[in-house]
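**Q** structure, please.
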Amino acid sequence: MKKNHMNVNVNKKKRSGKSRIICAICTICTMLMTAGVLTACTPTVPDGSENIPEEEDGIEIGLSIDSLVIERWQRERDLFVSKATELGAEVNVQNANGEVDEQIKQIQYFIDKKVDVIVVIAIDDEALKNVIAQAKKAGIKIIAYDRLVRNANVDLYMSIDNEKVGELMGLYIKRKIGNDGTIIQIKGSPTDYNVQMVQNGFERVLNTTNIRIAYAEYSDNWVAENAFRITSNYLATGKVPDAIMCGNDNLAAQAIKALIENRLGGEVCVVGQDADLEACQRIVEGTQYMTVYKPVEKLARTAAENAVAMAKGEALNMTETINDGTYEVPYDRLEPIAVTADNMDEVITGKYHQKNEIYLNVQE
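**A** As a prediction, the model looks like this:
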């Protein structure tokens, strides 16, 4: 016990000695700092300024999506994020679920976060112009993806040639039903400017024929179930159209559902756009006649590349522009392709969807 007591005292003495040495060092340091001798503690560069290494901020991109109900937006989100990440950017994805006010809040959130670029798939072609003006004032670059934002002077509009989409639909219907006949139209959301562009192309073709549009209606917010109601109500009059032009493949699915319930599946020429997997399945099964494939993989990846380049201050050197109602804005345009059972394997199989998925319900 005494031995242990002695060890404790010895240790205390050792600690006491160390403490006195540390205190002495601290006192000397304090004196030197007071005298201004410790300038060597701060590294300097030749001009005498502090050489404090600055952390380089990474590129931040905000992506605001209309909604993820439609298959293509899920695919394009993943492609965009993958490519942007590969290029060293961070992507903040926000889903507005079809709510315009929510999309405005999301863009304001991106402004507050001081992102470098905002990519927006607009719900309403007019409603976003004020918040986009705020973003531009804050020095943030804006890409309108797939849908043009009107009168907003965005830095870049990237899309498929939407008038060409309408032309392809019109040409196919003309080929299938001839120069005469009646059609009904189930158009997309009236707040989506692409709908008007598709209509422009469609009407250009129809004006060269005697085909008559017997009935036409918009589908607010692209709600697919509207197509079932519209088609069912038209068939209830006892009339059967020669063709149904649908704003996208989701609408086409519901129109075809109404036709099948009336034992008319495969009897009416139904066309859509987007080349969704289920649309491709319906085409090889014979209930949908045609869809328009839009090279969205290329669109999404190119959008990511352009967003990163814009964040770095690099010039894109776009040669084409489009009028947004007030301004001429740079336009990166891709070409659509009409897809039928005849060219499904050439255009889609193994490239956009896999063969076993497309022909899932077809026995070869």
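**Q** tell me the phi and psi of the nearest residue to residue 337 once chain neighbours are set aside?
**A** Setting aside the residues directly before and after it, residue 337 is nearest to residue 293 in space (C-beta to C-beta, 6 or more residues apart in numbering), at 4.7 Å. Backbone N, C-alpha and C define where each C-beta goes, glycine included. The phi/psi pair for residue 293 (degrees, to the nearest 10) reads phi -80, psi 130.
**Q** residues in contact with residue 293?
**A** Contacts for residue 293 (C-beta atoms under 8 Å, 6 or more residues apart in numbering) come out as 274-275, 336-339, 347-348, 352.
**Q** quick one, grab the pLDDT at it.
**A** Predicted confidence (pLDDT) for residue 293: 96.
**Q** what's the answer for residue 302, then?
**A** On pLDDT, residue 302 comes in at 96.
**Q** make sure it is indeed in a helix.
**A** Yes: looking at residue 302 with DSSP: H, G, I helix; E, B strand; the rest coil, it is inside a helix.
**Q** what ranges does the chain have for its helices?
**A** Taking DSSP state H, the helices of the chain run over residues 2-34, 71-86, 100-113, 129-137, 162-177, 193-206, 225-235, 249-261, 277-285, 296-311, 344-347, 355-358.
**Q** where in this structure is pLDDT low?
**A** Along the chain, the parts satisfying pLDDT under 70 run over 1-57, 363-364.
**Q** how is it divided into domains?
**A** Structural domains assigned to the chain are 59-154+296-334, 162-293+339-358, following automatic domain parsing.
**Q** rewinding a little: if I look at the residue nearest to residue 337, how far off is residue 274?
**A** 8 Å (C-beta to C-beta, to the nearest Å).
**Q** one step back: could you dump the helices of the chain into CSV with distance to residue 219 added?
**A** Below are the helices of the chain laid out as CSV (distance: least, C-beta to C-beta, whole Å):
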stretch, distance to residue 219
helix 2-34, 74
helix 71-86, 16
helix 100-113, 16
helix 129-137, 24
helix 162-177, 16
helix 193-206, 9
helix 225-235, 4
helix 249-261, 6
helix 277-285, 16
helix 296-311, 21
helix 344-347, 26
helix 355-358, 26
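**Q** possible to save the contacts of residue 293 as JSON lines with distance to residue 231?
**A** Shown next, in JSON lines, are the contacts of residue 293 (distance: C-beta to C-beta, whole Å):
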{"residue": "274", "distance to residue 231": "19"}
{"residue": "275", "distance to residue 231": "21"}
{"residue": "336", "distance to residue 231": "24"}
{"residue": "337", "distance to residue 231": "26"}
{"residue": "338", "distance to residue 231": "22"}
{"residue": "339", "distance to residue 231": "22"}
{"residue": "347", "distance to residue 231": "27"}
{"residue": "348", "distance to residue 231": "26"}
{"residue": "352", "distance to residue 231": "27"}
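**Q** tell me which of those residues fall in strands.
**A** Of the positions in the contacts of residue 293, 337-339 sit in strands, assigned by DSSP state E.
**Q** may I ask which of these has the most neighbours?
**A** residue 339 (23 neighbours; other C-beta atoms under 10 Å).
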